[in-house]
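Undergrad: Any chance you could fold what I've pasted below:
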Amino acid sequence: MNSDNRTELLRQIKDDVMNLKESPLCRDRVRNKVFPVIGEGSHYAKIMFVGEAPGKTEAETGRPFAGAAGKFLDHLLKSVGIERKDVYITNVVKDRPPMNRDPLPEEIALYAPFLDRQIEIIRPQVIALLGRHSMKYIMERFGLGSVILSISRIHGRVFEAASPYGKIKIIPLYHPAAALYNPDLRSVLEGDFQVVNKSVE
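TA: Here you go, the predicted model:
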């Protein structure tokens, strides 16, 4: 792949998601005046963060992690000296599920190919998984299904995997929103972000 065409390839993903008709979640776009959330950040990012699905603020703005959880994500990045613009942030599911419910397996299956394409284009060294749904999908996708445990047991651990473009590191993390409800997780996430930062070569 010619690295110079990453922007165009990612723009094509955006167009494909915008034109997606198969997902019932798309119907809410016009009715609720909301947007799909494709992703944002550096097209040459060494670290990609993958969340689960957009929330209310994200759907209203079209930006990933734009609400309270996003502010804490910004804090976590800053705590290890990483600029948000230097990473790439996206979700498995690109449209908001109603009432912020968990994405359904069929929704993950429908939207996941867009994430697969984003990974292949950006070629991150590290994929940090924010939450259990992104953890399950990505770890199974990269042949790590047999080592999946609950996030409480494997958060902050580094798993090596093979990708089409070389070796990558996959790191499950608590979702930043979890720390908004359980303040004890703030320090846990801060420690895990140190692991993410040190995993970049």
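
Undergrad: Quick one: end-to-end distance for stretch 176-194.
TA: Using Cα to Cα, to the nearest Å, the span of stretch 176-194 from its first residue to its last is 15 Å.

Undergrad: Asp95 is in contact with Asp28, correct?
TA: Yes: with contacts counted by Cβ atoms under 8 Å, Asp28 reaches Asp95, the gap being 7.1 Å. C-betas here are computed from N, CA, C, even on glycine.

Undergrad: any shared contact partners between these two?
TA: Common contacts of Asp28 and Asp95 (Cβ atoms under 8 Å, 6 or more residues apart in numbering): Ala59.

Undergrad: between those two, which one's more packed in?
TA: Asp95 (25 against 16; other Cβ atoms under 10 Å).

Undergrad: mind listing the helices in the chain by residue range?
TA: For the chain, applying DSSP state H gives helices covering 6-18, 27-32, 56-61, 68-79, 105-122, 132-141, 151-154, 176-181, 184-198.

Undergrad: Name the residues that touch the last one?
TA: Read it as helix 184-198. Contacts of helix 184-198 (Cβ under 8 Å, 6+ apart): 47, 72, 76-77, 79-82, 126, 128, 155-156, 158, 171, 173-174, 176, 178-179.

Undergrad: hmm, try it at 10 Å
TA: 47, 49, 72-73, 75-82, 87, 126-128, 130, 152, 155-158, 169, 171-180, 182 (Cβ atoms under 10 Å, 6 or more residues apart in numbering).

Undergrad: Can you give me the buried ones in that helix?
TA: Leu185, Arg186, Val188, Leu189, Asp192, Phe193, Val195, Val196, Asn197 (16 or more other Cβ atoms under 10 Å).

Undergrad: Compute the inter-axis angle for it and helix 68-79.
TA: Relative orientation of helix 184-198 with respect to helix 68-79: 50 degrees, computed using axes from the mean of the first three to the mean of the last three Cα atoms, to 10 degrees.

Undergrad: list the contacts for the residue lying farthest from the centre of the chain?
TA: Distance from the centre of the chain peaks at Arg31, with 25.7 Å (Cα atoms, centre = their mean). Counting by Cβ under 10 Å, 6+ apart, Arg31 touches no other residue.
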